[in-house]
Each structure stands twice: as structure tokens, then as C-alpha cells.
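J.: This is the structure alone, sequence omitted:
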């Protein structure tokens with residue numbers, strides 16, 4: 001490229017350079033990251049600035065979305081007057097709304113702009129964070145209040161779709177695995193951060209009189225710093241309040257450091273009008289999530305979920321005004337067969353990661369918190385296990401490994417192809433889920449379940465690691481298969497459907513634990529993983545595959 005072309009490329013990116021006052025312009029008119037010179041002179045710096053603001057914002061979304069897995073565990077330890085079924089339901093409601101909100105979030109970037117969307121969706125996280133903290137101050141808070149807050153925590157789950165859709169537009173195809181792996185992988189650390197931080201902050205009155213009085217533990221608990229005995233003062237309300245400390249500066253960083261790409265969003269409108277569109281989209285998702293929760297009281301989960309998804313899509317398609325043509329244009333992804341194959345494969349990977357993250361803490365509490373005892377007449381009864389391992393101490397490890405290894409999955413896939421990586425981890429998950437189910441059965445029926453805990457935890461870590469690698473490989477494949485206009489909505493849509501794992505896993509595992517057959521849940525997952533092996537091979541690895549090893 002000649003000197004004149006280089007100068008023109010530099011000039012085309014100058015609207016993003018700091019002005020004399022040091023202020024970054026919000027809107028970028030020219031963006032062509034497939035042009036090597038533009039990428040090296042302008043694009044790389046801008047893209048990475050947006051990425052490194054996006055990552056902690058996404059991490060906060062994951063933390064608030066998934067916090068109910070840890071909160072419900074401690075609610076049980078503190079004697080809140082709710083049944084195990086109700087506690088699993090709170091975790092599942094957050095999973096359902098987070099997945100449903102991803103559907104409208106998939107389309108936000110191209111209608112409202114990246115900077116506008118990420119700023120507002122990050123700011124909205126303060127609502128469930130602060131509300132949960134206030135509700136947990138009183139153990140007599142009605143159950144429906146916690147249901148509403150769990151529903152609103154789904155905003156954090158929805159944020160993943162718009163965050164990934166946004167970051168995918170900033171990087172060239174050759175770096176999709178890296179960019180999406182870093183954003184999602186380090187963003188997923190929000191789950192681990194939450195699982196480590198919540199047990200710690202509950203041990204001290206961080207906010208003084210503003211946070212209310214502590215509550216004494218009814219049964220022993222644990223954190224990374226050791227076992228906490230019954231009677232210890234606990235500030236469970238800090239589990240919600242702590243996130244506001246991080247969200248305030250992050251909201252400022254999003255507003256002053258991120259950009260709208262006009263090549264992706266030609267008409268975002270004023271910030272106020274963009275915010276109105278975002279709130280309207282999330283309003284649709286909240287409304288259909290409520291319908292989904294109500295439908296669960298009347299219908300099977302496998303019927304209620306498709307109804308919720310179809311109702312959300314229908315509501316989005318019928319939105320009035322100038323939003324409607326943009327939505328209809330993006331709905332073209334549903335006529336592409338690869339949208340459906342990659343959605344199935346992303347359920348395999350991210351669906352497993354987020355589902356197990358939601359279900360594991362309470363599963364540890366229920367399976368290992370009790371043991372079989374032989375009565376005088378020779379019959380077996382389940383009694384409390386006084387030496388039970390604490391979910392608050394150990395459950396963070398799986399999500400930590402899964403998140404840590406996700407960027408590695410993207411990087412390896414950039415080198416050898418995404419589908420071959422997906423095939424390998426699918427086989428690992430088939431074997432590991434069968435083995436985990438068998439161990440769960442042994443532990444549930446044992447007079448000493450603790451002897452099975454370490455193999456149980458190790459097998460779950462294997463599944464988290466495999467799903468984490470697969471998260472990177474499947475998103476890399478999407479970045480290669482689809483063009484610039486479709487890849488963002490497909491990333492959002494596939495992540496939305498996969499996120500229902502955060503609802504399905506607690507429901508399925510909780511239901512089978514209640515029935516006394518926890519192994520059946522894992523065997524069912526193994527059958528699905530085997531199906532994914534076939535789908536991946538048929539579409540991307542066989543001799544005349546549609547797209548060879550993307």
C-alpha cells in the first residue's frame with residue numbers, strides 16, 4: 001500500500017482519536033478491520049480498548065445472573081423458610097429470564113449501538129444487585145419478592161448476547177477466536193468471582209449500619225478461608241450489595257471509553273432514543289419470561305420453554321416503527337441451516353458450563369449434606385451428614401477452570417479449526433457425564449458419601465474444562481461461517497438458547513435428586529452430548545461437509 005493510502009487510512013480513523021480536550025468520540029464512521037493497514041494503525045487499538053472495558057462489564061453480568069446458586073445455599077444454612085424445591089426454583093428462574101433476555105439482546109447492537117447498549121445494560125445490573133441486598137436483610141421477605149429479583153437478575157445473563165455481538169464487530173476474522181474467547185472466557189470469570197467473593201463478603205459487616213443486622217448461621221458453612229460454625233454472624237445481604245461497588249465505575253468506563261460503530265449501526269439515534277429501544281427490547285424479554293415462569297406451573301418444562309422462545313420472537317417481530325425492518329432483516333439468520341447446527345453445538349458447550357454452574361452448589365449441599373443411616377429394623381433413612389463438604393468452599397473450582405481455559409479453546413481453534421476441537425471435547429463430555437452420574441448414585445445412597453466427593457468434584461471439573469474449551473471452539477466456528485451482518489445475531493441467538501441450560505440443569509438435576517435418582521440427569525445429558533457428536537461430524541467434519549472444519 002502506498003504512502004497516500006496509508007495516510008488516507010489514518011485520516012479515516014481520526015474521528016476516533018482523542019480530541020484536543022482528551023475526549024474520545026463515541027461514534028466511528030469508518031471501520032474496516034479486514035484492511036491490514038487500517039487494523040494496524042487504528043483498529044487494533046480501538047478494538048482492544050472496547051474489549052478490555054467489555055470484559056469486566058460482562059463479568060459483572062455473569063456474577064449477578066448466577067449469584068442465586070450461592071445465595072440459595074446460604075439461605076438454606078441461615079434457615080430462610082423455603083423448601084429445597086423453592087430454592088432450586090429461584091436459581092432456575094434466574095436461568096430462564098437470563099436466557100430469554102438474550103433473545104432481544106441479540107439484536108440490540110445493530111439497532112441501538114454498542115456503546116449505548118453496553119453502558120445501559122451494565123447500569124441496569126444495579127437494580128437486581130441492590131434489590132437483592134435489601135430483600136436479604138429480612139428473613140421474612142416474601143418468596144415472590146425473591147422470585148421477582150431472580151427474574152431481574154436475568155439482565156446479567158442477557159448482557160452476554162449483546163456483549164459478544166458487539167465485540168465480534170471490532171475484530172477481523174483471523175482474530176475472532178481470540179477476541180470472543182477473551183471476552184467470553186474472562187467474562188465467565190464473573191461466575192468464579194461470585195462463587196469466591198460472596199462467601200467471603202458475608203463474613204463481615206462491610207457496609208455498616210446501612211446494610212442492616214447480621215443473621216446467625218443455623219448450620220455450619222464454609223469459605224476459602226475455612227469452615228464457619230453454626231451461630232456465626234452472617235451478612236447475607238452483602239451478596240447483592242457488593243456488586244454496586246464495581247458497577248458504578250464500570251458504568252462510567254463504558255460511557256466514556258466505548259464506541260458505536262456506524263458501519264454496524266447506521267442510525268442508533270440519540271442516546272435517549274437508543275436507551276428507549278434497549279429498554280423496550282428488555283421489556284419484551286421480561287414480560288415473556290414472566291409468562292414462561294407462569295407456564296411452568298401448568299405445563300411441562302419442555303413445552304413451556306419453546307412457548308417462551310416463540311412468544312419472545314413473535315413479540316420482537318411485531319415491534320412498531322423503524323425498529324421493525326431492522327429486526328426482520330436480522331431474522332434472516334433463521335433460514336440458514338448453520339444457525340441451527342451451531343445453536344445445538346453451543347448448547348453442548350456453554351449450556352453445560354452455565355447449567356452446571358447454576359446447579360452444582362445446591363447439588364453438593366443436597367447430595368453430600370445428607371447420608372444413609374441403617375435403622376434398628378435394617379431400613380435405610382437419610383439423615384444430616386455432620387462432616388459434609390461445603391458447597392461454598394468447593395463449587396467455584398469448576399467454573400474457574402471452565403472460564404480460565406476458554407480463551408485457550410479459541411486460540412487452539414484458530415490454529416487447527418473449531419470443529420475438530422468441538423468433536424474431541426464432545427467425546428470427553430459423553431464419558432465424563434456417565435461417570436459423574438454413576439458417582440452421584442453411589443454418593444446419594446452411601447452411609448459415608450464423603451468418600452465419593454473428590455472423584456465427584458474431579459469429574460465435574462473435567463466437564464467444566466471440556467465445555468470451556470468447546471465454548472471457544474464453537475464461537476470461533478460461528479465467526480468463520482457467518483458474514484459480518486449475520487455473525488453478531490447468530491452469536492446472540494445461539495448463546496440465548498444455550499443459556500437455558502442455567503434453567504434446565506437445576507430443574508433436571510433437582511428433580512432427579514428429589515426422586516432419589518440423580519444419576520439419570522447425567523445419563524440424559526450424555527445422550528445429548530452423543531447427539532452433538534453426530535451433528536458436528538455431519539455438518540463440519542465428514543468428507544463432503546457443508547463447511548469443512550471452520
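T.: All right, it came through fine. Quantities reported herein were computed from a predicted structural model and do not represent experimental measurements.
J.: List the buried residues of the helix or strand hosting residue 63.
T.: Using DSSP states H and E, residue 63 sits within helix 44-66. For helix 44-66, the neighbour count (16 or more other C-beta atoms under 10 Å) marks 44, 46-47, 49-51, 53-66 as buried. Every residue, glycine included, has its C-beta placed from N, CA and C.
J.: average model confidence for it?
T.: Averaged across helix 44-66, the pLDDT comes to 94.
J.: Which strands or helices does the helix or strand just after it pack on?
T.: Next helix or strand after helix 44-66 toward the C-terminus (DSSP H and E): helix 68-78. Packing partners of helix 68-78 (3 or more C-beta pairs under 8 Å, 6 or more residues apart in numbering; DSSP states H and E): helix 84-105, helix 176-201, strand 233-234, helix 238-257, helix 352-368, helix 391-394.
J.: So which residues make contact with helix 68-78?
T.: 82, 84, 87-88, 90-91, 94, 132, 136, 139, 150, 153, 194-195, 198-199, 202, 215-221, 234, 236, 239-240, 357-362, 365, 391-392, 395, 506 (C-beta atoms under 8 Å, 6 or more residues apart in numbering).
J.: Pull out the buried residues from it.
T.: Buried, per 16+ other C-beta under 10 Å, within helix 68-78: 68-78.
J.: Quick one: distance of it to the chain centre.
T.: Helix 68-78 sits 19 Å away from the centroid of its parent chain (C-alpha atoms, centre = their mean, to the nearest Å).
J.: Specify the angle between that helix and helix 176-201 in degrees.
T.: Angle of helix 68-78 versus helix 176-201, following axes from the mean of the first three to the mean of the last three C-alpha atoms, to 10 degrees, is 10 degrees.
J.: the inter-axis angle of helix 68-78 versus helix 352-368?
T.: Calculated by the same axes, to 10 degrees, helix 68-78 forms an angle of 20 degrees with helix 352-368.
J.: what angle do helix 68-78 and helix 44-66 make?
T.: 30 degrees.
J.: Run the angle between helix 68-78 and helix 238-257 for me.
T.: Angle, helix 68-78 to helix 238-257, by the same axes, to 10 degrees: 160 degrees.
J.: which of the contacts of helix 68-78 are buried?
T.: The buried subset of the contacts of helix 68-78 - by 16+ other C-beta under 10 Å - is 82, 87-88, 90-91, 94, 132, 136, 150, 153, 194-195, 198-199, 202, 215, 217, 219-221, 234, 236, 239-240, 357-362, 365, 391-392, 395, 506.
J.: Check which helices and strands the helix or strand encompassing residue 460 sits against.
T.: Assigned by DSSP H and E, residue 460 belongs to helix 453-481. Under the contact definition 3+ C-beta pairs under 8 Å, 6+ apart, helix 453-481 sits against helix 176-201, helix 337-346, helix 352-368, helix 396-416, helix 418-444, helix 484-499.
J.: angle of the fifth one against helix 396-416?
T.: Between the axis of helix 418-444 and that of helix 396-416 there is an angle of 160 degrees, by the same axes, to 10 degrees.
J.: ok so, going back, averaged pLDDT, the helix holding residue 460. What do you get?
T.: In this model, helix 453-481 carries a mean pLDDT of 91.
J.: distance between that helix and the chain's centre?
T.: For helix 453-481 - counting by C-alpha atoms, centre = their mean - the centre lies 14 Å from the chain centre.
J.: Could you do stretch 29-45 as well?
T.: Put simply, stretch 29-45 sits 30 Å off its chain's centre (C-alpha atoms, centre = their mean).
J.: swap in stretch 163-176?
T.: Taking mean C-alpha positions (C-alpha atoms, centre = their mean), stretch 163-176 and its chain are 18 Å apart.
J.: Which helix or which strand is home to residue 381?
T.: Going by DSSP H and E, residue 381 is part of strand 380-384.
J.: separation between residue 317 and residue 163?
T.: Counting by C-beta to C-beta, to the nearest Å, the gap from residue 317 to residue 163 is 23 Å.
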